[in-house]
Every structure is written in structure tokens, then in C-alpha cells.
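Asks: dropping the sequence and predicted coords here.
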Amino acid sequence: MFQKNQSYKIGLTFDLEYWHCGFFLKKYLPHNLADIPEYYSEITERVLELLKNNNGQATFFILGKIIRENPALIKKIMADGHEISYHGFEHIPLNELELEKFVIELAGDKGIMQENFGQNFIGFRAPNFFLTKNNLEIWKILKENGFVYDSSLIGKQASEINGVKEISVGSLKLFFLEIPLGGWYFRFLPYWLFALILKYKINCGQMPVIYLHMMDLWPEIPKIKLPYLIKVIKYWGIKSSWKKLKKILKEFETVRMDSINLRDPRFREDDNYI
């Protein structure tokens, strides 16, 4: 039986996107993609119920396209006390998207958020994490559009780039390998090991941030023909991931990103890797 320890505090984030998003899937998607049902709404409803039952809070990085097509779901997320942050319009990596198009899409999605939900985005996560410290134009655009923080980098505890705070996804660094705390690695690692890494980070004076995709939690995710390695990345561990999330919420206190105090010494500007 797991007991929640109030000192075990983590940032919990979800990337709310379509099941077929991911740069490694692009060339394998079927021609009848539009005919395959989406399940993000159903799994998000289940996640919201689980969060409510465990007094958990989270940040949802959501595609602008989903915000436009499913306003009722966005209102539900907000009504349950969670944060809405921005994940781009339709999950095109920033290195493939013209800067002008990014600006136009962002302006449109900001307008929708303000008009329909009475708030603006303050947090951003780049699709597929395709953002680096060197993309200064992007950081400038984020600042000009009122973003307070980004969460697109892996492993760096805290920094500020062009006036935007970086609240990175936590990581485990083994030699030259950087393992993000979430996504496929959440599905691949046994729960006891994933939780042990989180506790180690916390005991070292850090507050780890983890991320999950909605489709990481949905066993009925559509199955398509893929090469073996891509299939492992896409589908491995989905059947057990829901139980892992339940254990996380019972053992750790989870918080939304905009509640994190960046002056907290747990978010100091250094690289505290294992």
C-alpha cells in the first residue's frame, strides 16, 4: 500500500495531442488517417477523474487545434483546477515550421484562449521538444507573447533565456545518455525504479518534473503497421502505464507548473545529474 509523502513533491505535466503525433511516425501513417477515431477526450476525462480522486494537480500542454475543436474539454480541465499551457498548433516540430507561420498560429490560439476561456498561456512546450537555447528568435517570440516559462529542454534545473524561465523535464544522466523522466521511459522502466529515481532527485534537493502523453495511458490506442523498433517506442508498456500513474498519484504530491516558485533553491541554475 502506497502512502503519499508531502515532502515527495513533483511537477506533473501531460502533453495533450493526437495519437499519431511524433516525428518518427510520420512516414508510416496510413492513408485513411482521418477515418481512425481519436480517443484523447476519453482518456483525458479518465485522467481528470484520477487526479481529482488523489488531490493531484497538473499542467496540460495542449495543441491549439485541440483547444479549438474541443472547448468543452478545455473548460473541464480548467474547472478541475489544472493549468492550460501551449504545445503548438498541430504538433509540427519548430525546425520544420516557418517562423512567420508559428507567429500567426500562436496569435490565433492566444485569441481563442482569451475570447473563449478568459486567460492567456504563460507556459510553452515545443512539439517533440525541438527547441534549444540557440533558437533565440523563438525565445524572443515567447517573451513578446507573454510566456513566463518554457518546458522544452531536458535535464537543466533552471535557467532564463531571453527573459523566459526554463522549467525543464527532469532527467537521469548515465554517461552520455540523457533519459527524460516521462514518455516512453515512463512506460519502459518498472515503477519501483522510476519512483526510486524521483525520490533520489528529491533527496538531492530537486523537484523533478515528469511528462506523459495521453496516449501513453490508453491501451486501445490504434495499432498501425510499423518497423519493430518504432513499434516498441510507440506501444511498449502502455498496458501497465495506467497503474503506474495511479501509484505516482498515491505516493507523490503533484503540482502544476505555474505554482512552482522558481526562487526555490530546488530550481537553482546548475546541472545536478545522477
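Replies: Sure, I can see it.
Asks: only C-alpha atoms for contact and neighbour calcs from this point on.
Replies: Noted.
Asks: low pLDDT regions in this structure?
Replies: 1-6, 156-158, 261-274 (pLDDT under 70).
Asks: in it, mark out all the helices, start to finish.
Replies: 40-53, 64-69, 71-79, 99-117, 136-144, 184-188, 191-203, 228-235, 238-251 (DSSP state H).
Asks: run the angle between the first one and helix 71-79 for me.
Replies: Note on geometry: by axes from the mean of the first three to the mean of the last three C-alpha atoms, to 10 degrees, helix 40-53 and helix 71-79 are set 20 degrees apart in direction.
Asks: pull the residues that contact helix 40-53.
Replies: 16-19, 57, 73, 77, 80, 214-215, 217-218, 246, 249 (C-alpha atoms under 8 Å, 6 or more residues apart in numbering).
Asks: deepest in the core, which of the helices of the chain is it.
Replies: Neighbour counts (mean count of other C-alpha atoms under 10 Å) averaged over each of those peak at helix 184-188, with a mean of 21.
Asks: can you spell out which helices and strands pack onto that one?
Replies: Packing partners of helix 184-188 (3 or more C-alpha pairs under 8 Å, 6 or more residues apart in numbering; DSSP states H and E): helix 238-251.
Asks: gap between the helix it packs on and the chain center?
Replies: Relative to its parent chain, helix 238-251 has a centroid offset of 16 Å by C-alpha atoms, centre = their mean, to the nearest Å.
Asks: please renumber the chain so that the first residue is 31 from this point on.
Replies: All right, first residue 31 from here; so that's helix 268-281.
Asks: between helix 221-233 and that helix, find me the angle.
Replies: Using the same axes, to 10 degrees: helix 268-281 against helix 221-233 is 40 degrees.
Asks: Throw the helices of the chain into CSV and include distance to P123, thanks.
Replies: CSV is the format used below for the helices of the chain (distance: least, C-alpha to C-alpha, whole Å):
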stretch, distance to P123
helix 70-83, 20
helix 94-99, 14
helix 101-109, 23
helix 129-147, 10
helix 166-174, 12
helix 214-218, 18
helix 221-233, 28
helix 258-265, 18
helix 268-281, 24
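Asks: for E196, which of those is the nearest?
Replies: With C-alpha to C-alpha as the criterion, E196 lies closest to helix 166-174 of these, at 10.4 Å.
Asks: give me the angle between that closest one and helix 129-147.
Replies: 20 degrees.
Asks: packing partners of helix 166-174?
Replies: Right, helix 166-174 is packed against strand 194-196 by 3+ C-alpha pairs under 8 Å, 6+ apart.
Asks: packing partners of the strand it packs on?
Replies: Strand 194-196 packs on helix 166-174, strand 179-180, strand 189-191, going by 3+ C-alpha pairs under 8 Å, 6+ apart.
Asks: relative to P210, which of these is closest?
Replies: Closest among those, using C-alpha to C-alpha: strand 179-180, at 15.8 Å.
Asks: neighbouring strands - and their directions - for the closest one?
Replies: strand 153-154 (parallel), strand 194-196 (parallel) (DSSP bridges).
Asks: count the residues that sit near E126.
Replies: 8 (other C-alpha atoms under 10 Å).
Asks: how far away is the nearest residue to N125 once chain neighbours are set aside from W266?
Replies: Leaving aside its sequence neighbours, N125 sits nearest to F160 (C-alpha to C-alpha, 6 or more residues apart in numbering; 6.8 Å). Distance, F160 to W266, by C-alpha to C-alpha, to the nearest Å: 23 Å.
Asks: with W49 instead?
Replies: Applying C-alpha to C-alpha, the value for W49 to W266 is 14 Å.
Asks: ok, now C234?
Replies: Relative to W266, and taking C-alpha to C-alpha, C234 is found at 30 Å.
Asks: and these two? Which one has more around it.
Replies: W266 (16 against 13).
Asks: so who does that one touch?
Replies: 214, 217-218.
Asks: can you lay out those as a markdown table showing distance to S181?
Replies: Listed next are the contacts of W266 as a markdown table, based on distance: C-alpha to C-alpha, whole Å:
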| residue | distance to S181 |
| --- | --- |
| W214 | 17 |
| R217 | 20 |
| F218 | 22 |
